[in-house]
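[1] sequence first, then the predicted structure:
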Amino acid sequence: MSKQRNILVTGGAGFIGSNFVHTLLESNEDLKVTVVDKLTYAGNLKNLERWLNDKRFQFIKLDITDKEKVLDLANQIEINEIAHFAAESHVDRSILGPEEFVKTNVLGTFYMLELGKKLFEMNSLRVFLHVSTDEVFGTLGKDGAFTELTPYAPNSPYSASKAGSDHLVRSYFHTYQLPVITTNCSNNYGPFHFPEKLIPLMILNCLQGKSLPVYGTGENIRDWLYVKDHCLAINLVMKKGKFGETYNIGTRNEKTNLEIVNLICDLMDKKHPEGKPHRNLIKFVKDRPGHDFRYAIDPKKIETEIGWKPIYKFEVAIEETIDWYLNNKVWWEEIISGQYNQYYELQYKEAN
Ligand code: NAD
Ligand code: DAU
């Protein structure tokens with residue numbers, strides 16, 4: 001097997017996948033990266049623009065639910081590692097239309113595992129890293145945190161489809177000894193985050209003087225992880241993780257949604273004073289059906305067994321994130337003025 005890392009990244013044109021490609025190609029490692037991505041509404045080649053002419057990088061437009069094309073990758077390119085990010089990722093969309101979630105997240109992951117098995121049989125696969133979510137564990141009350149031993153209890157079509165994919169991944173280890181590892185992380189934030197998710201949506205709505213829709217009372221809690229820390233963690237798990245194991249990734253950074261929205265408003269007051277005070281834009285709207293109350297990750301296992309620690313502080317990283325949106329107006333203007341806008345407006349969000 002080649003010493004060089006030849007990494008296939010699925011979903012590499014999306015939010016976390018593209019950040020992962022940046023992490024890999026910015027490192028001094030001897031590696032090649034192939035991104036396969038269907039370029040759904042959430043995939044954007046602009047996220048990867050800086051690498052398009054780099055010899056270490058190639059992009060292949062591909063739908064992971066196309067079995068033949070997926071399996072054919074084994075004959076087309078050298079692959080010894082797979083980082084599987086591709087998924088339908090937005091909970092609200094899964095409530096409105098779950099079918100794509102079942103197709104891509106369950107069936108697509110199944111075909112990716114079949115590709116992994118083929119490569120493994122060709123003696124070519126070193127590791128298959130499956131990126132999953134803490135949402136598979138369901139919801140927490142006020143106390144406690146998810147560990148790797150927390151039973152699965154997914155509550156949305158999105159999390160159920162991710163749970164299904166996690167079980168398939170697990171089964172390919174036990175049945176075929178495929179060198180798989182699954183990571184379950186908490187809510188990411190950072191550059192290239194698609195502006196349907198809480199943090200980028202609030203930043204862009206502040207910039208446009210639009211209302212800031214907060215679901216229910218805003219007391220739901222999420223555990224925020226900076227995407228750059230997450231990508232470094234995944235890279236480390238690919239090198240040091242134990243096959244067949246799962247690792248939770250989080251940074252003990254719980255905030256209520258209202259805390260997040262208020263903080264963004266206050267930072268925007270400083271950075272974009274025209275719209276001041278941005279808190280006046282907050283509008284409490286109907287709650288998400290089946291809205292999980294709280295997520296919190298216990299990251300002890302990845303800290304002690306892999307030696308991973310986050311390097312970014314939330315207070316700094318959230319400002320860096322806001323600055324990224326302020327400095328990348330062309331990127332988000334193209335998104336919000338495109339077809340996606342139809343959905344975005346439709347979603348809009350009745351008052352309580
Ligand atoms: P995203 O929606 O920003 O990107 C998903 C990418 O997958 C897009 O580029 C899209 O084009 C691609 N894709 C979708 N369907 C495809 C298909 N059928 N074939 C090929 N490509 C396809 O998602 P993200 O936020 O970057 O999430 C990446 C992964 O991380 C997902 O598996 C998600 O479940 C998981 N995750 C995300 C978060 C988060 O906070 N964003 C947290 C935990 C886990
Ligand atoms: O926990 C990990 C998960 O985090 C990932 O698996 C998902 O892919 C990712 O999308 C994210 O899911 P959430 O549903 O937690 O993220 P979202 O940004 O959609 O919402 C965060 C919280 O903010 C949630 O409690 C709902 C609330 N919310 C969201 C939006 C879009 C609002 O109050 N208003 C909004 O407009």
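    Noted; the coordinates are in hand. Ligands and ions are numbered 1, 2, ... in the order given.
[2] for the protein, longest helix please?
    For the chain, the longest helix by residue count, based on DSSP state H, is helix 157-176.
[3] where in the stretch 201-350 of the chain is pLDDT low?
    339-350 (pLDDT under 70).
[4] give the buried residues for the longest helix of the chain.
    Across helix 157-176, burial judged by 16 or more other Cβ atoms under 10 Å covers 157-166, 168-169, 172-173. Using the backbone N, CA and C atoms, a C-beta is placed for each residue, glycine as well.
[5] could you dump the residues you listed into a markdown table and include distance to R93 and pLDDT?
    Listed next are the buried residues of helix 157-176 as a markdown table, based on distance: Cβ to Cβ, whole Å; pLDDT from 0 to 100:
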| residue | distance to R93 | pLDDT |
| --- | --- | --- |
| P157 | 9 | 98 |
| Y158 | 8 | 98 |
| S159 | 13 | 98 |
| A160 | 14 | 98 |
| S161 | 12 | 99 |
| K162 | 14 | 99 |
| A163 | 17 | 99 |
| G164 | 17 | 99 |
| S165 | 17 | 99 |
| D166 | 20 | 99 |
| L168 | 22 | 99 |
| V169 | 23 | 99 |
| Y172 | 27 | 98 |
| F173 | 30 | 98 |
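[6] distance to W308 for these - can I get that in TSV?
    Shown next, in TSV, are the buried residues of helix 157-176 (distance: Cβ to Cβ, whole Å):
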residue	distance to W308
P157	31
Y158	26
S159	24
A160	28
S161	27
K162	22
A163	24
G164	27
S165	23
D166	20
L168	26
V169	20
Y172	24
F173	21
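[7] which strand or helix spans the residue lying closest to E319 once chain neighbours are set aside?
    Leaving aside its sequence neighbours, E319 sits nearest to L267 (Cβ to Cβ, 6 or more residues apart in numbering; 6.3 Å). Assessed by DSSP states H and E, L267 sits inside helix 257-271.
[8] if we can go back for a sec, so which elements touch the longest helix of the chain?
    helix 91-96, helix 99-101, helix 109-121, strand 127-133, strand 180-185 (3 or more Cβ pairs under 8 Å, 6 or more residues apart in numbering; DSSP states H and E).
[9] what's the closest of the ones you listed to G12?
    strand 127-133 (11.3 Å; Cβ to Cβ).
[10] may I see the buried residues of stretch 303-319?
    For stretch 303-319, by 16+ other Cβ under 10 Å, it's 306, 308, 310, 312, 314, 317-318.
[11] the residue nearest to E319 and E320 touch, don't they?
    No - the criterion here is Cβ atoms under 8 Å, and L267 misses it with E320 at 11.0 Å.
[12] looking at those two, which is more packed in?
    L267 (19 against 13; other Cβ atoms under 10 Å).
[13] what comes into contact with stretch 157-169?
    87-91, 93-95, 98, 101-102, 104-106, 109-110, 113, 128, 130, 132-133, 135-136, 138, 152, 154, 180, 182, 184, 246 (Cβ atoms under 8 Å, 6 or more residues apart in numbering).
[14] CA atoms of it as CSV?
    Taking C-alpha atoms only, stretch 157-169 is exported to CSV below (Å, rounded to 0.1, in the frame of the first residue of the first chain):
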residue,chain,number,x,y,z
PRO,A,157,-35.8,12.0,10.2
TYR,A,158,-32.3,13.5,9.9
SER,A,159,-31.0,11.9,13.0
ALA,A,160,-32.8,8.6,12.3
SER,A,161,-31.1,8.5,8.9
LYS,A,162,-27.7,9.2,10.5
ALA,A,163,-28.3,6.5,13.1
GLY,A,164,-29.2,4.1,10.4
SER,A,165,-25.9,4.9,8.6
ASP,A,166,-23.9,4.5,11.9
HIS,A,167,-25.4,1.0,12.4
LEU,A,168,-24.4,0.0,8.9
VAL,A,169,-20.9,1.2,9.5
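[15] how about the strands in this structure?
    5-10, 31-37, 57-61, 81-84, 127-133, 180-185, 188-189, 212-215, 221-223, 225-226, 246-249, 254-256, 282-285 (DSSP state E).
[16] what segments of the stretch 251-352 of the chain are helices?
    257-271, 300-301, 314-327, 329-336, 340-346 (DSSP state H, counting those that start in this stretch).
[17] centre of the chain to stretch 196-212, how far?
    19 Å (Cα atoms, centre = their mean, to the nearest Å).
[18] dump it to PDB, restricted to CA.
    Provided in PDB are the C-alpha atoms of stretch 196-212 (Å, rounded to 0.1, in the frame of the first residue of the first chain):
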ATOM      1  CA  GLU A 196     -29.800  28.000   6.700                       C
ATOM      2  CA  LYS A 197     -28.200  27.000  10.000                       C
ATOM      3  CA  LEU A 198     -28.600  29.000  13.200                       C
ATOM      4  CA  ILE A 199     -25.300  30.900  13.400                       C
ATOM      5  CA  PRO A 200     -24.800  32.000   9.700                       C
ATOM      6  CA  LEU A 201     -28.500  32.700   9.300                       C
ATOM      7  CA  MET A 202     -28.500  35.100  12.300                       C
ATOM      8  CA  ILE A 203     -25.300  36.800  11.000                       C
ATOM      9  CA  LEU A 204     -26.700  37.300   7.500                       C
ATOM     10  CA  ASN A 205     -30.100  38.400   8.700                       C
ATOM     11  CA  CYS A 206     -28.500  41.000  11.000                       C
ATOM     12  CA  LEU A 207     -26.500  42.300   7.900                       C
ATOM     13  CA  GLN A 208     -29.700  42.600   5.900                       C
ATOM     14  CA  GLY A 209     -31.900  44.000   8.700                       C
ATOM     15  CA  LYS A 210     -34.200  40.900   8.500                       C
ATOM     16  CA  SER A 211     -35.900  39.400  11.500                       C
ATOM     17  CA  LEU A 212     -34.000  36.800  13.600                       C
END
